[in-house]
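**Student:** Have a look at this fold, sequence not included:
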């Protein structure tokens, strides 16, 4: 993977704006830094250019409230009811004849969820009147945008972020459905997610047990599947070819069954493109480690100007590395 990088090392506890140790690195191992990149690195050296701010609550609830136009779940509910279409209340008062209510009854949206291997969930959304339609999936603070197929169906495997896994499928006009299932093997994995919107250009990378870029054990979306020699795995959810789309990279390491011990180095990269150069981009990390509660962190970053297009910012120490002990 021959590409130029601006390496940004974020130190300390990320409680304030930090800009430490900017340097240019050529992945091919030779060549001088381009003038544009040198200028970009100079601009990046201003403390206000990289802001890593903790979420208002560093440790979030396992099932934070998710609010949509006509969809809401709170942990105060005593149980989880079977999946059912969401109702559209008081529509008779909107048009006097209940036409919209009848349309909703004729075109229900349903969702089902079942546990799957690798602490994941198979989620199926059925919306026969919403063919090739946009649908946003919400799960425990994670969001990503997909589309139904020509039959109005969506089926995908989603890495779970809670043992009591609740999913909301939201379509246009406040329509949607809720599904839930139990994920009994979640405590056996460490899971790191990075999510963003639009064409921000973010990527999550994992270098397992001393691996370098493009070595066996380098896990990222560009691996094109399970990385050679890797113990963990990464999936990308969401489509990036739609306006205001949501995407997420999720890296998982099976810590409870690992025969190896050592460090998995985690980094966040952001490609400088014509769509994000010269503007501020943001993302959010969600982390499950050692069976602990879900932790979230907000990320805000000012990108270099468009003279640096095609290069990458590498944000080291933004996500804490995984420390793995053999079992």
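**Tutor:** Looks like it came in fine. This one's a predicted model, so the numbers in the text were calculated from it and none came from an experiment.

**Student:** In contact with residue 264, which residues are there?
**Tutor:** Counting by CB atoms under 8 Å, 6 or more residues apart in numbering, residue 264 touches 206, 207, 208, 209, 232, 253, 321, 322, 324. Any C-beta I mention is one placed from the backbone N, CA and C, and that applies to glycine too.

**Student:** what about burial for those, which qualify?
**Tutor:** 206, 207, 208, 209, 232, 253, 322, 324 (16 or more other CB atoms under 10 Å).

**Student:** List just the nearest of those residues to residue 273.
**Tutor:** When the buried ones among the contacts of residue 264 are compared for distance to residue 273 (CB to CB), residue 206 wins out at 22.8 Å.

**Student:** Looks like the closest one contacts residue 219 (just checking).
**Tutor:** Yes. Counting by CB atoms under 8 Å, residue 206 does reach residue 219; the two are 4.3 Å apart.

**Student:** Name the residues contacting each of the two.
**Tutor:** Listed contacts common to residue 206 and residue 219 are 230, 232, 234, 251; contacts here mean CB under 8 Å, 6+ apart.

**Student:** nearest to residue 110, of those?
**Tutor:** The shortest approach to residue 110 among the shared contacts of residue 206 and residue 219 belongs to residue 234, at 29.9 Å (CB to CB).

**Student:** Residue 193 versus the closest one, what's the distance?
**Tutor:** According to CB to CB, to the nearest Å, residue 234 and residue 193 sit 10 Å apart.

**Student:** ok, residue 210 to residue 234 distance?
**Tutor:** Using CB to CB, one gets 18 Å for the distance from residue 210 to residue 234.

**Student:** re the thing from before, residues that sit against both of residue 234 and residue 193, list them.
**Tutor:** With CB under 8 Å, 6+ apart, residue 234 and residue 193 have common neighbours 204, 249, 250, 251.

**Student:** from the residues you listed, which ones fall inside helices?
**Tutor:** For those, not one is inside helices, with DSSP state H as the criterion.

**Student:** Tell me which of the residues you listed fall in strands.
**Tutor:** 204, 249, 250, 251 (DSSP state E).

**Student:** The first one: what's it in contact with?
**Tutor:** This means residue 204. 192-194, 220-221, 234, 249-251, 266-269, 319.

**Student:** Please indicate which of those are buried?
**Tutor:** Among the contacts of residue 204, those classed as buried by 16+ other CB under 10 Å are 192-194, 220, 234, 249-251, 266-269, 319.

**Student:** for this protein, what helix or strand is lowest in average pLDDT?
**Tutor:** For the chain, using mean pLDDT, DSSP states H and E, the weakest element among its helices and strands is strand 20-26, scoring a mean of 28.

**Student:** Pick the one among the shared contacts of residue 206 and residue 219 closest to residue 161.
**Tutor:** When these are ranked by distance to residue 161 (CB to CB), residue 251 comes first, at 12.7 Å.

**Student:** any idea how far the closest one is from residue 289?
**Tutor:** Counting by CB to CB - residue 251 and residue 289 are separated by 12 Å.

**Student:** ok, now residue 150?
**Tutor:** Residue 150 sits 41 Å away from residue 289, going by CB to CB.

**Student:** And those two? Which one has more around it.
**Tutor:** Legend: neighbour count by other CB atoms under 10 Å for residue 150 and residue 289, higher for residue 289 (17 against 7).

**Student:** Give me the three-state assignment for residue 259.
**Tutor:** Classification of residue 259 using DSSP: H, G, I helix; E, B strand; the rest coil returns coil.

**Student:** In this structure it contacts residue 327, no?
**Tutor:** Yes. In this structure residue 259 lies within contact range of residue 327 using CB under 8 Å: 7.0 Å.

**Student:** Of these two, which one has the most company?
**Tutor:** Remark: of residue 259 and residue 327, residue 327 carries more neighbours, 12 against 7, as counted by other CB under 10 Å.

**Student:** list the contacts for that one?
**Tutor:** By CB under 8 Å, 6+ apart, the neighbours of residue 327 are 256, 257, 258, 259.

**Student:** Return the members of the residues you listed classed as buried.
**Tutor:** Buried by 16+ other CB under 10 Å: residue 258, out of those.

**Student:** Save the contacts of residue 327 as CSV, and put in distance to residue 198 and pLDDT too.
**Tutor:** As requested, the contacts of residue 327 are exported to CSV (distance: CB to CB, whole Å; pLDDT from 0 to 100):
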residue, distance to residue 198, pLDDT
256, 36, 92
257, 37, 91
258, 36, 91
259, 40, 89
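
**Student:** Nothing else from me, thank you.
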